[in-house]
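Asks: Take this sequence and fold it.
(2 chains)
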Amino acid sequence: MAKDVWVVADHAAGSPRRITLELLGKGRELADAQGGRLVAVALGHPLDGLPRALGEYGADMVLSVEHPHLSSYSTEAYTQVLSELVQRRAPWLVMVPSTAWGRDCAPRLAARVGAGVVTDVEALWVQDGRLWARRPMYTRKVMGTVEYVGDGPHLAVVLPKVFAPAERREGRSADVEAVAVQVPEPRARLVETRSLQRERVSLTEAEVVVSGGRGLRGPENFALLDALAAELGAAVGSSRPPVDSGWVPHDYEIGQTGKTVSPTVYIAVGISGAPQHLAGMSGSKYIVAINKDPNAPIFQVASLGVVGDLFQIVPKLTEEVRRLKAQG
Amino acid sequence: MDVVVCVKQVPDTEQPIRVRPDGSGVEEQGLNWILNYYDEHAVEEALRVREKHGGTVTVVCVGPARATEALRTALAMGADEAVHVQDPALEGADHLAVARVLAETIRQLRCDLVLCGRLATDDNASVVGPALAEYLSLPQATAISKLDISDGVATVEREVEGGVEVLQVPLPAVFTVERTINEPRYPTLPGIMKAKRKEIRTLTLKDLGLEPGQVGAQAARVRYSRFDPPPRREAGRVVTPDSPEEGARLIAQFLQETAKVL
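Replies: Next up, the predicted model:
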């Protein structure tokens, strides 16, 4: 019976990104429980030091595929390569990061190899010899428990920031196997990637998110949040009203119609806490809220709520954080 | 350009959603069933393609009898035709099976382009679109925020971590749309009246040459076993500080000592 747990690596410039480490952390535990190997799958061109790094983070084995069609993500190339690997080697579980490419690829891969697929996975466990997953539904108003049927392969598209990352240990190494796969020319062609310049830290990966709402009153006041975020190394987001009013671009939006984030700390500034917004951030470990309305619903979910004027508190908070950092 | 739009009827998640006490599902009583928001944007985009390039817009839905209303909404917006696949054997079908049924339905239609919403706001799965593209052996792009068509090639934009990808995709293709792609129109009164009189074609699995064993509950590779309300957040504390300085100090202290992010 299939036992191996695979992690398909998300990487940049030859290094695994944080979500890959989180999947390796959880994957290690599941592989041990199942008595199988933890296998990292690295697709790209070139891969540089990635296979070695994946070994340092605990993979027993690395399957690496380098091909010019894999130099950036392509639905067709990735699906082709992954489906061939899965069909040849029959893993028990394939963990895919819930990134733009992971969500694009995993369902297609599942359809091709006939694997059960669960997206937005927040928990994975083995019970009675079967694999189970838990995931948010109905914009986080319900948690669904899903059972995978059969012996695999099973596919799990895992949300960032839910599992503890694997730790790096120098000198630890994996067996690296370079696999040759035929990759046909993809029909869909990537012609351009435009980077969003403002994005210093990606919202979905940030450990701290500073987010503004209607209470900011205008686009110019987001500078207050930028200053605080710069001190905290945080990403800046918003609720829907600032986006609808054109104060910030759409990719700031957190909530039912925007992004879902689950940082260690979410700082909600001038956000009332409508259910549509809570749907996108209530998975955060801690929520700090600043609002002048003591009855704002955001205070019902806040770990720490401060009633007051954000225009006075936020600059003082930025100063205070700077002072504490200087003290070390 | 003949466009097929796949739609789903979902409970309005802006209303309260309650889990049944035995965890077997959500309380259906009092739910307000609507056309999935993302699908509304897909219908709108299809109508815009038709306005620019001519052709037809056909909406397709796999779902129980009540889902006819979602198709009527799409017709009222301006879609030309509607197909409803209804079969009791689809109770308990997983997303891959629904994609398979949609693929067989679309094979019977004239189709140069398939549009779906990026996700449905009930199960939030985002599985059907890419799986459908696979079953139809068509190229795909998911979560697109812009679509332009010229000479049989679509240029689409999709947001990725920290940027935007621009892809060129030869048609026919399957795209799932983000809500930023457009602002859906409201159905007009004449549109609503016209939609009421339009015939909705109903198909069963048999009409599609599919067996319940291929796409029903027996074929499901994942099975929902239980539903729970989300875990309650620990009750925090709410303070009204005497001064902005004190408020700032409390938060900084929290960040350093409790959250340990400083």
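Asks: A:Gly212 is in contact with A:Ser272, correct?
Replies: No: taking contacts as CB atoms under 8 Å, A:Ser272 lies outside contact range of A:Gly212: 11.8 Å. Every C-beta, even on glycine, is put in place using the N, C-alpha and C of the backbone.
Asks: any common contacting residues for the two?
Replies: A:Ser239 (CB atoms under 8 Å, 6 or more residues apart in numbering or on different chains).
Asks: If you count surrounding residues, which of the two has more?
Replies: More crowded of A:Ser272 and A:Gly212, by other CB atoms under 10 Å in any protein chain shown: A:Gly212, with 29 against 19.
Asks: wait, isn't the more buried one in contact with A:Pro242?
Replies: Yes: between A:Gly212 and A:Pro242 there is a contact under CB under 8 Å: 6.1 Å.
Asks: residues shared between the contacts of those two?
Replies: Common neighbours of A:Gly212 and A:Pro242 (CB under 8 Å, 6+ apart) are A:222, A:248.
Asks: so who does the closest residue to chain A within the stretch 101-250 of chain B touch?
Replies: Going by CB to the nearest CB, chain A is nearest to B:Arg221 of the stretch 101-250 of chain B, at 3.0 Å. By CB under 8 Å, 6+ apart, B:Arg221 lies in contact with A:114-117, A:148-150, B:94, B:96.
Asks: which of the residues you listed lies closest to A:Ser284?
Replies: Closest approach to A:Ser284 among those (CB to CB): A:Val117, at 26.2 Å.
Asks: Tell me the residues on the stretch 1-150 of chain A that lie near chain B, please.
Replies: A:75-76, A:79, A:99-101, A:103-108, A:110-112, A:114-120, A:132, A:135-150 (CB under 8 Å from any CB of the partner chain).
Asks: Please pick the buried ones from those residues.
Replies: Neighbour counting over the residues of the stretch 1-150 of chain A next to chain B (16 or more other CB atoms under 10 Å in any protein chain shown) leaves A:75-76, A:79, A:99-101, A:103-108, A:110-112, A:115-120, A:132, A:135-149 as the buried ones.
Asks: so of those residues, which ones are in helices?
Replies: In this view, those that belong to helices under DSSP state H are A:75-76, A:79, A:100-101, A:103-108, A:110-112.
Asks: Tabulate those (JSON lines), appending distance to A:Val183 and pLDDT.
Replies: Putting these into JSON lines (distance: CB to CB, whole Å; pLDDT from 0 to 100) gives the following:
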{"residue": "A:Thr75", "distance to A:Val183": "12", "pLDDT": "98"}
{"residue": "A:Glu76", "distance to A:Val183": "9", "pLDDT": "98"}
{"residue": "A:Thr79", "distance to A:Val183": "10", "pLDDT": "98"}
{"residue": "A:Ala100", "distance to A:Val183": "20", "pLDDT": "96"}
{"residue": "A:Trp101", "distance to A:Val183": "16", "pLDDT": "98"}
{"residue": "A:Arg103", "distance to A:Val183": "21", "pLDDT": "98"}
{"residue": "A:Asp104", "distance to A:Val183": "17", "pLDDT": "98"}
{"residue": "A:Cys105", "distance to A:Val183": "14", "pLDDT": "98"}
{"residue": "A:Ala106", "distance to A:Val183": "18", "pLDDT": "98"}
{"residue": "A:Pro107", "distance to A:Val183": "20", "pLDDT": "98"}
{"residue": "A:Arg108", "distance to A:Val183": "15", "pLDDT": "98"}
{"residue": "A:Ala110", "distance to A:Val183": "20", "pLDDT": "98"}
{"residue": "A:Ala111", "distance to A:Val183": "19", "pLDDT": "98"}
{"residue": "A:Arg112", "distance to A:Val183": "14", "pLDDT": "98"}
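Asks: Among those residues, which pair sits farthest apart?
Replies: For those, with distances taken as CB to CB, the pair at the greatest spread is A:Ala100 and A:Arg112 (19.6 Å).
Asks: quick one, strands of chain B?
Replies: For chain B, applying DSSP state E gives strands covering B:3-7, B:9-11, B:33-35, B:57-62, B:81-85, B:113-117, B:140-150, B:153-160, B:163-170, B:173-177, B:200-203, B:222-228, B:237-239.
Asks: Outside of the second one itself, list whatever touches it.
Replies: For strand B:9-11, the external contacting residues (CB under 8 Å, 6+ apart) are A:138, B:17, B:26, B:28, B:31-36, B:61, B:63, B:66-67, B:69-70, B:120-122.
Asks: Name every strand pairing with it and say which way it goes.
Replies: Strand pairing for strand B:9-11, using DSSP bridges, gives strand B:33-35 (antiparallel).
Asks: buried stuff in the strand it pairs with?
Replies: B:34-35.
Asks: Equivalent analysis for stretch A:157-174, please.
Replies: Neighbour count says stretch A:157-174 has A:157-163, A:165-166, A:174 buried, by 16+ other CB under 10 Å.
Asks: From these, pick the one nearest A:Leu225.
Replies: Using CB to CB, the buried residues of stretch A:157-174 come closest to A:Leu225 at A:Lys161, 20.4 Å.
Asks: Quick check, that closest one in contact with A:Glu22.
Replies: Yes: A:Lys161 is within contact range of A:Glu22, at 7.2 Å (criterion: CB under 8 Å).
Asks: Can you name the residues that contact the residue in the stretch 51-200 of chain A positioned nearest to chain B?
Replies: Nearest residue of the stretch 51-200 of chain A to chain B, counting by CB to the nearest CB: A:Gly116, 3.0 Å away. Taking CB under 8 Å, 6+ apart, we find A:Gly116 in contact with A:110, A:148-150, A:154-155, B:94, B:96, B:220-222.
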